[in-house]
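> Kindly generate the corresponding structure for this input.
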Amino acid sequence: MGTRRAILAAAGAEFAAHGFDGARVVRIAEAAGVSHQLITYYFGGKRGLYEALSDQWLEESMRVSRTHTFAEAVRRYVHWAHEDPAWVHTLTREEPGTRPPAEDERAAELFKHVEELRERQARGEFRSDLDVGAVALVFFAASIAPVAIPWIARELSGQDPASPEFIDAYAEQVRRIIAALAEA
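Now for the predicted structure:
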């Protein structure tokens, strides 16, 4: 694994465990097996590292969104959250009411995503009487639910939300729900 990737992987775990404010560059460097000066060299510091991780996650999300139907993209997001839970934990660790680093840039990307969803809605991927922003929020929450709130997923399903069998079945159900939104 390259140095930059090792740092990003260690940072993902650190931000997931401690959020942005609680994360420490020294712990990230130690976990990556590098000097903390390399974090400054590659990323300019903790904020730059957080932004690089956010960019990486957003790029992957947009790639999946652009290359699949909305229903299939959300099915894949469920799997992605299961396979790489660090981004889910990082998002859910942010303090309510605080702005994460580079929020304005992320907001612009999310706005583009909403515009793409409007185009999908116009093509009939889901009903025209539904609010695109609400649809996006509901299915984003649905895609991360087994990772973000596993105890609730376990209680509601009676299954282990970390098992591959649960993830496959749950992802398919979410896909089918979205597909049903197009039918009505």
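
> quick one: low-confidence parts of this protein?
1, 94-104, 106, 183-184 (pLDDT under 70).

> helices or strands up against the longest helix belonging to it?
Criterion DSSP state H: the longest helix present in the chain is helix 46-67. Applying 3 or more CB pairs under 8 Å, 6 or more residues apart in numbering; DSSP states H and E, we find helix 46-67 packed against helix 3-22, helix 25-32, helix 36-43, helix 70-83, helix 86-93, helix 103-122. Yep, even glycine has a C-beta here, placed from its N, CA and C like the rest.

> and if we set it to 7 Å?
helix 3-22, helix 36-43, helix 70-83, helix 103-122 (3 or more CB pairs under 7 Å, 6 or more residues apart in numbering; DSSP states H and E).

> which parts of the shortest one are buried?
Right, helix 36-43. Under the neighbour-count criterion of 16 or more other CB atoms under 10 Å, helix 36-43 has 36, 39, 43 buried.

> Which residues does that helix contact?
3-4, 7, 25-26, 28-29, 45, 49, 52 (CB atoms under 7 Å, 6 or more residues apart in numbering).

> Pull the distance from it to the chain's centre.
Centre-to-centre, helix 36-43 and its host chain are 25 Å apart (CA atoms, centre = their mean, to the nearest Å).

> Between helix 3-22 and that helix, find me the angle.
Put simply, helix 36-43 runs at 100 degrees to helix 3-22, going by axes from the mean of the first three to the mean of the last three CA atoms, to 10 degrees.

> now E165, nearest residue through space, not along the chain?
Q159 (7.4 Å; CB to CB, 6 or more residues apart in numbering).

> and that neighbour, helix, strand or coil?
Taken by DSSP: H, G, I helix; E, B strand; the rest coil, the conformation at Q159 corresponds to coil.

> do you know how far A29 is from D168?
37 Å (CB to CB, to the nearest Å).

> So which of those two has more stuff around it?
Shown here are A29 and D168; by other CB atoms under 10 Å, A29 has more neighbours (21 against 14).

> Please name the residues that touch R27.
E14.

> and the gap between the nearest residue to W87 once chain neighbours are set aside and F139?
With sequence-adjacent residues excluded and distances taken as CB to CB, 6+ apart, W87 is closest to W57, at 4.6 Å. W57 sits 17 Å away from F139 when distances are taken as CB to CB.
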